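**Student:** Sequence isn't available, so here's the structure alone:
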(Lines give C-alpha, C1' and ligand atoms only; values in the text may rest on other atoms or scores of the structure.)
Protein backbone atom coordinates (compact mmCIF):
# COMPACT_ATOMS: atom_id res chain seq x y z
CA UNK A 1 0.00 0.00 0.00
CA UNK A 2 1.25 3.49 -0.85
CA UNK A 3 2.35 5.81 1.93
CA UNK A 4 2.48 8.86 -0.35
CA UNK A 5 -0.60 10.41 -1.92
CA UNK A 6 -0.95 13.44 -4.18
CA UNK A 7 -2.74 16.40 -2.60
CA UNK A 8 -4.96 19.15 -3.97
CA UNK A 9 -5.24 22.64 -2.51
CA UNK A 10 -8.37 24.82 -2.56
CA UNK A 11 -8.46 28.60 -2.34
CA UNK A 12 -11.41 30.81 -1.44
CA UNK A 13 -11.96 34.56 -1.06
CA UNK A 14 -15.00 35.56 1.01
CA UNK A 15 -16.67 38.95 1.25
CA UNK A 16 -17.51 39.17 4.96
CA UNK A 17 -18.76 42.75 5.28
CA UNK A 18 -18.69 46.25 4.01
CA UNK A 19 -15.75 48.08 5.51
CA UNK A 20 -13.92 49.32 7.28
CA UNK A 21 -14.20 46.63 9.98
CA UNK A 22 -12.13 45.89 13.05
CA UNK A 23 -11.13 42.44 11.76
CA UNK A 24 -11.30 38.94 13.16
CA UNK A 25 -12.28 38.76 16.83
CA UNK A 26 -9.53 36.34 17.94
CA UNK A 27 -7.50 35.46 14.84
CA UNK A 28 -7.67 31.82 13.73
CA UNK A 29 -10.04 30.98 16.61
CA UNK A 30 -12.64 33.17 14.89
CA UNK A 31 -12.65 31.28 11.56
CA UNK A 32 -14.86 28.21 11.17
CA UNK A 33 -14.78 25.47 8.53
CA UNK A 34 -17.96 23.40 8.54
CA UNK A 35 -18.67 24.78 12.02
CA UNK A 36 -15.26 23.88 13.51
CA UNK A 37 -12.79 26.66 14.44
CA UNK A 38 -9.33 26.62 12.86
CA UNK A 39 -7.89 26.68 16.39
CA UNK A 40 -9.39 25.60 19.69
CA UNK A 41 -9.32 27.75 22.82
CA UNK A 42 -5.80 26.53 23.70
CA UNK A 43 -4.42 27.56 20.30
CA UNK A 44 -4.14 24.01 18.92
CA UNK A 45 -4.85 23.71 15.19
CA UNK A 46 -7.91 21.65 14.29
CA UNK A 47 -6.89 21.45 10.61
CA UNK A 48 -3.55 20.92 8.90
CA UNK A 49 -2.18 23.14 6.16
CA UNK A 50 -4.75 25.94 6.45
CA UNK A 51 -3.60 29.52 5.91
CA UNK A 52 -5.62 32.72 5.78
CA UNK A 53 -5.18 36.40 4.96
CA UNK A 54 -7.46 39.01 6.52
CA UNK A 55 -5.41 42.09 5.64
CA UNK A 56 -8.24 43.55 3.54
CA UNK A 57 -10.30 45.21 6.28
CA UNK A 58 -12.43 47.16 3.81
CA UNK A 59 -10.63 50.49 3.51
CA UNK A 60 -10.86 52.61 0.40
CA UNK A 61 -7.11 52.33 -0.22
CA UNK A 62 -6.52 48.64 0.58
CA UNK A 63 -4.29 46.52 -1.63
CA UNK A 64 -5.26 43.27 -3.34
CA UNK A 65 -4.90 39.91 -1.59
CA UNK A 66 -1.72 38.29 -2.97
CA UNK A 67 -1.60 34.61 -3.81
CA UNK A 68 -5.02 34.24 -5.43
CA UNK A 69 -4.62 33.55 -9.14
CA UNK A 70 -6.65 35.29 -11.79
CA UNK A 71 -4.97 33.58 -14.77
CA UNK A 72 -3.13 30.24 -14.84
CA UNK A 73 -1.51 28.52 -17.79
CA UNK A 74 0.14 25.10 -17.52
CA UNK A 75 2.97 23.96 -19.81
CA UNK A 76 3.99 20.30 -20.03
CA UNK A 77 7.67 19.39 -19.53
CA UNK A 78 7.76 15.61 -18.85
CA UNK A 79 11.55 15.30 -18.64
CA UNK A 80 13.50 13.00 -16.34
CA UNK A 81 15.72 14.82 -13.83
CA UNK A 82 19.01 13.02 -13.11
CA UNK A 83 21.97 13.88 -10.94
CA UNK A 84 24.23 12.42 -13.62
CA UNK A 85 24.21 13.43 -17.28
CA UNK A 86 22.37 15.31 -18.62
CA UNK A 87 21.97 16.78 -15.13
CA UNK A 88 19.61 19.57 -14.06
CA UNK A 89 16.77 20.63 -16.34
CA UNK A 90 16.24 24.32 -17.19
CA UNK A 91 13.22 26.05 -18.72
CA UNK A 92 12.99 29.74 -19.64
CA UNK A 93 9.56 31.39 -19.46
CA UNK A 94 9.22 34.59 -21.49
CA UNK A 95 6.52 36.59 -19.73
CA UNK A 96 6.95 39.95 -17.97
CA UNK A 97 3.61 39.75 -16.11
CA UNK A 98 4.22 36.69 -13.93
CA UNK A 99 3.55 36.82 -10.20
CA UNK A 100 4.41 33.17 -9.44
CA UNK A 101 5.31 29.84 -11.03
CA UNK A 102 4.17 26.42 -9.83
CA UNK A 103 6.58 23.56 -10.56
CA UNK A 104 5.09 20.04 -10.53
CA UNK A 105 7.35 17.01 -10.08
CA UNK A 106 6.28 13.38 -10.23
CA UNK A 107 7.52 9.85 -9.60
CA UNK A 108 5.96 6.91 -11.49
CA UNK A 109 6.68 4.96 -8.27
CA UNK A 110 8.93 5.35 -5.24
CA UNK A 111 10.07 2.27 -3.34
CA UNK A 112 12.88 -0.08 -2.35
CA UNK A 113 12.82 -3.89 -2.20
CA UNK A 114 14.07 -4.97 1.23
CA UNK A 115 14.33 -8.78 1.19
CA UNK A 116 10.69 -9.95 1.02
CA UNK A 117 8.95 -6.62 1.55
CA UNK A 118 8.57 -3.29 -0.26
CA UNK A 119 9.60 -0.23 1.74
CA UNK A 120 9.97 3.48 1.08
CA UNK A 121 12.95 5.48 -0.09
CA UNK A 122 13.84 9.18 -0.38
CA UNK A 123 14.90 11.66 -3.07
CA UNK A 124 16.30 15.14 -2.42
CA UNK A 125 16.38 18.00 -4.93
CA UNK A 126 16.59 21.78 -5.33
CA UNK A 127 14.67 24.28 -7.44
CA UNK A 128 16.35 27.48 -8.62
CA UNK A 129 14.88 30.46 -10.46
CA UNK A 130 16.29 33.74 -11.77
CA UNK A 131 15.29 36.64 -13.95
CA UNK A 132 16.56 37.48 -17.43
CA UNK A 133 20.28 36.82 -18.01
CA UNK A 134 21.42 36.77 -14.38
CA UNK A 135 24.15 34.15 -13.80
CA UNK A 136 23.30 31.10 -11.68
CA UNK A 137 25.97 32.06 -9.14
CA UNK A 138 24.51 35.54 -8.65
CA UNK A 139 23.27 36.44 -5.14
CA UNK A 140 19.87 37.35 -6.58
CA UNK A 141 19.15 33.79 -7.69
CA UNK A 142 16.32 32.27 -5.64
CA UNK A 143 16.86 28.74 -4.31
CA UNK A 144 14.11 26.53 -2.92
CA UNK A 145 15.26 23.44 -1.01
CA UNK A 146 12.17 21.43 -0.07
CA UNK A 147 12.26 18.53 2.33
CA UNK A 148 13.22 15.30 0.51
CA UNK A 149 10.29 13.32 -0.82
CA UNK A 150 10.34 10.28 1.42
CA UNK A 151 8.06 7.27 1.64
CA UNK A 152 6.55 4.53 -0.48
CA UNK A 153 4.39 5.06 -3.55
CA UNK A 154 3.29 2.11 -5.67
CA UNK A 155 1.67 4.39 -8.24
CA UNK A 156 2.29 7.84 -9.70
CA UNK A 157 2.93 10.48 -7.03
CA UNK A 158 2.92 14.22 -7.78
CA UNK A 159 3.96 17.21 -5.74
CA UNK A 160 3.90 20.90 -6.65
CA UNK A 161 6.04 23.78 -5.43
CA UNK A 162 5.12 27.44 -5.71
CA UNK A 163 7.80 29.98 -6.63
CA UNK A 164 6.73 33.55 -5.81
CA UNK A 165 8.40 36.21 -7.92
CA UNK A 166 10.18 38.68 -5.57
CA UNK A 167 8.54 42.09 -5.50
CA UNK A 168 11.86 43.79 -6.22
CA UNK A 169 12.03 42.00 -9.58
CA UNK A 170 8.77 43.68 -10.57
CA UNK A 171 9.97 47.18 -9.72
CA UNK A 172 11.68 49.61 -12.10
CA UNK A 173 12.12 48.03 -15.51
CA UNK A 174 10.81 44.71 -14.22
CA UNK A 175 11.88 41.56 -16.05
CA UNK A 176 11.35 39.95 -19.44
CA UNK A 177 11.84 36.29 -18.57
CA UNK A 178 12.16 33.83 -15.69
CA UNK A 179 14.36 30.74 -15.89
CA UNK A 180 13.65 27.77 -13.62
CA UNK A 181 16.10 24.94 -12.94
CA UNK A 182 15.30 21.64 -11.21
CA UNK A 183 18.31 19.75 -9.82
CA UNK A 184 18.35 16.29 -8.29
CA UNK A 185 20.83 16.02 -5.40
CA UNK A 186 20.30 12.35 -4.51
CA UNK A 187 22.48 9.94 -6.50
CA UNK A 188 20.79 8.14 -9.37
CA UNK A 189 20.04 4.59 -8.38
CA UNK A 190 21.93 1.79 -10.11
CA UNK A 191 20.11 -0.98 -8.25
CA UNK A 192 17.09 -2.77 -9.70
CA UNK A 193 15.75 -2.96 -6.13
CA UNK A 194 15.27 0.80 -5.92
CA UNK A 195 12.62 2.67 -7.91
CA UNK A 196 13.13 6.43 -7.61
CA UNK A 197 13.05 7.91 -11.11
CA UNK A 198 12.12 11.61 -10.86
CA UNK A 199 10.41 13.72 -13.55
CA UNK A 200 9.69 17.40 -13.97
CA UNK A 201 6.10 17.07 -15.10
CA UNK A 202 5.00 20.65 -15.81
CA UNK A 203 5.12 24.27 -14.77
CA UNK A 204 2.21 26.66 -14.37
CA UNK A 205 2.42 30.39 -15.06
CA UNK A 206 0.41 32.36 -12.49
CA UNK A 207 -0.83 35.94 -12.73
CA UNK A 208 -2.66 37.21 -9.67
CA UNK A 209 -6.13 38.64 -9.65
CA UNK A 210 -5.16 42.17 -8.63
CA UNK A 211 -8.63 43.46 -7.80
CA UNK A 212 -8.61 45.52 -4.58
CA UNK A 213 -12.36 45.49 -3.88
CA UNK A 214 -12.23 48.84 -2.02
CA UNK A 215 -14.53 49.28 0.99
CA UNK A 216 -15.09 45.52 1.09
CA UNK A 217 -13.72 43.38 3.93
CA UNK A 218 -12.30 40.10 2.59
CA UNK A 219 -10.80 36.92 4.00
CA UNK A 220 -8.76 34.68 1.72
CA UNK A 221 -8.14 31.05 2.68
CA UNK A 222 -6.04 28.16 1.41
CA UNK A 223 -6.71 24.65 2.70
CA UNK A 224 -5.91 21.03 1.96
CA UNK A 225 -8.80 19.70 -0.10
CA UNK A 226 -8.28 16.08 1.01
CA UNK A 227 -9.59 16.95 4.47
CA UNK A 228 -13.05 17.74 3.07
CA UNK A 229 -15.46 15.91 0.80
CA UNK A 230 -16.46 19.25 -0.76
CA UNK A 231 -15.65 22.94 -0.35
CA UNK A 232 -16.38 23.57 3.36
CA UNK A 233 -18.73 26.25 4.58
CA UNK A 234 -16.87 29.17 6.13
CA UNK A 235 -17.88 31.28 9.11
CA UNK A 236 -16.20 34.28 10.71
CA UNK A 237 -16.51 36.09 14.04
CA UNK A 238 -15.57 39.68 13.40
CA UNK A 239 -15.33 43.04 15.08
CA UNK A 240 -17.78 44.82 12.84
CA UNK A 241 -17.95 48.08 10.92
CA UNK A 242 -16.17 51.01 12.49
CA UNK A 243 -18.65 53.78 13.29
CA UNK A 244 -18.54 57.00 15.31
CA UNK A 245 -19.62 56.59 18.92
CA UNK A 246 -20.25 58.94 21.85
CA UNK A 247 -17.21 60.32 23.64
CA UNK A 248 -18.13 58.48 26.88
CA UNK A 249 -17.95 55.06 25.20
CA UNK A 250 -15.04 52.65 25.69
CA UNK A 251 -14.80 50.73 22.39
CA UNK A 252 -12.85 47.71 23.61
CA UNK A 253 -11.88 46.29 26.99
CA UNK A 254 -10.94 42.59 26.66
CA UNK A 255 -10.98 42.05 30.42
CA UNK A 256 -14.52 43.27 30.97
CA UNK A 257 -16.80 40.61 29.56
CA UNK A 258 -16.60 37.04 28.32
CA UNK A 259 -17.62 37.72 24.73
CA UNK A 260 -16.25 40.59 22.72
CA UNK A 261 -15.08 42.83 25.56
CA UNK A 262 -17.28 45.80 24.62
CA UNK A 263 -18.72 47.95 27.42
CA UNK A 264 -19.80 51.45 28.36
CA UNK A 265 -17.79 53.62 30.69
CA UNK A 266 -18.87 53.34 34.31
CA UNK A 267 -19.25 57.10 34.52
CA UNK A 268 -21.80 57.45 31.75
CA UNK A 269 -25.32 58.58 32.59
CA UNK A 270 -28.74 57.56 31.39
CA UNK A 271 -29.59 59.12 28.09
CA UNK A 272 -25.99 60.12 27.44
CA UNK A 273 -25.57 57.96 24.38
CA UNK A 274 -26.49 60.43 21.69
CA UNK A 275 -24.77 60.68 18.32
CA UNK A 276 -23.06 64.01 17.91
CA UNK A 277 -23.96 64.03 14.22
CA UNK A 278 -27.28 62.21 14.23
CA UNK A 279 -27.50 58.72 12.75
CA UNK A 280 -24.68 56.83 11.07
CA UNK A 281 -25.52 54.91 7.93
CA UNK A 282 -23.90 52.68 5.35
CA UNK A 283 -25.30 51.83 1.95
CA UNK A 284 -26.36 48.35 3.06
CA UNK A 285 -26.25 48.59 6.87
CA UNK A 286 -27.55 51.38 9.08
CA UNK A 287 -27.04 51.70 12.81
CA UNK A 288 -29.31 53.99 14.80
CA UNK A 289 -28.52 54.97 18.38
CA UNK A 290 -31.27 56.52 20.48
CA UNK A 291 -30.46 58.11 23.80
CA UNK A 292 -33.73 57.95 25.69
CA UNK A 293 -33.60 55.71 28.78
CA UNK A 294 -32.51 52.58 26.93
CA UNK A 295 -30.63 49.74 28.62
CA UNK A 296 -27.03 49.12 27.66
CA UNK A 297 -25.89 45.62 26.82
CA UNK A 298 -24.46 43.23 24.26
CA UNK A 299 -26.36 42.50 21.09
CA UNK A 300 -25.59 39.73 18.63
CA UNK A 301 -25.95 41.09 15.13
CA UNK A 302 -26.69 38.59 12.36
CA UNK A 303 -26.52 39.85 8.80
CA UNK A 304 -27.86 37.61 6.06
CA UNK A 305 -25.91 37.40 2.82
CA UNK A 306 -25.34 34.99 -0.04
CA UNK A 307 -22.29 33.70 1.83
CA UNK A 308 -24.28 32.67 4.90
CA UNK A 309 -24.51 34.44 8.23
CA UNK A 310 -22.02 36.91 9.60
CA UNK A 311 -21.85 37.20 13.39
CA UNK A 312 -20.37 39.96 15.46
CA UNK A 313 -21.00 41.58 18.81
CA UNK A 314 -21.67 45.21 19.58
CA UNK A 315 -22.60 47.20 22.65
CA UNK A 316 -23.74 50.79 22.87
CA UNK A 317 -25.44 52.89 25.50
CA UNK A 318 -28.75 52.24 23.85
CA UNK A 319 -30.47 49.69 21.68
CA UNK A 320 -29.10 49.33 18.14
CA UNK A 321 -31.61 48.83 15.34
CA UNK A 322 -30.27 46.87 12.38
CA UNK A 323 -31.57 46.94 8.85
CA UNK A 324 -30.58 43.58 7.22
CA UNK A 325 -29.06 43.40 3.78
CA UNK A 326 -31.53 43.53 0.95
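**Tutor:** That came through fine. The shown structure was predicted, so the numbers you read here are calculated from the model rather than taken from an experiment.
**Student:** could you measure residue 92 against residue 70, distance?
**Tutor:** As for residue 92, its distance to residue 70 is 23 Å (criterion: Cβ to Cβ, to the nearest Å). Bear in mind the C-beta positions are built from the backbone N, C-alpha and C, glycine included.
**Student:** Also residue 108?
**Tutor:** Distance from residue 108 to residue 70, by Cβ to Cβ: 33 Å.
**Student:** next one: residue 140
**Tutor:** For residue 140, the distance to residue 70 equals 27 Å [Cβ to Cβ].
**Student:** Ok, residue 9 next?
**Tutor:** Remark: distance between residue 9 and residue 70 (Cβ to Cβ) = 17 Å.
**Student:** How far off centre is whichever strand or helix holds residue 150?
**Tutor:** For residue 150, the host element (DSSP states H and E) is strand 149-151. Relative to the centre of its chain, strand 149-151 is centred 26 Å away, using Cα atoms, centre = their mean, to the nearest Å.
**Student:** what does stretch 122-139 give?
**Tutor:** A distance of 26 Å separates the centroid of the chain from that of stretch 122-139, by Cα atoms, centre = their mean.
**Student:** same deal with stretch 26-43?
**Tutor:** The answer for stretch 26-43 is 15 Å, by Cα atoms, centre = their mean.
**Student:** how long is it from one end to the other?
**Tutor:** For stretch 26-43, the separation between the terminal residues is 10 Å (Cα to Cα, to the nearest Å).
**Student:** Mind listing residues that contact that stretch?
**Tutor:** Here stretch 26-43 makes contact (Cβ atoms under 8 Å, 6 or more residues apart in numbering) with 24, 45-47, 50, 52, 219, 221, 223, 228, 232-238.
**Student:** now do stretch 185-193
**Tutor:** With contact meaning Cβ under 8 Å, 6+ apart, stretch 185-193 is reached by 82-84, 112-114, 122-126, 148, 195-196.
**Student:** Generate a PyMOL selection restricted to the buried subset of these.
**Tutor:** The following PyMOL line selects those of those that are buried, judged by 16 or more other Cβ atoms under 10 Å:
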select buried, resi 82+83+112+123+124+125+195+196
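**Student:** so of the contacts of stretch 185-193, which ones are in strands?
**Tutor:** 112, 113, 114, 122, 123, 125, 126, 195 (DSSP state E).
**Student:** closest to residue 152 among those residues?
**Tutor:** Comparing these against residue 152 with Cβ to Cβ picks out residue 112 as the nearest, at 8.2 Å.
**Student:** hey, what's the residue nearest to that closest one when sequence neighbours are not counted bridged with?
**Tutor:** In this structure, residue 112 finds its nearest non-sequential neighbour in residue 121, 4.4 Å apart by Cβ to Cβ, 6 or more residues apart in numbering. On the basis of DSSP bridges, residue 121 is bridged to residue 151.
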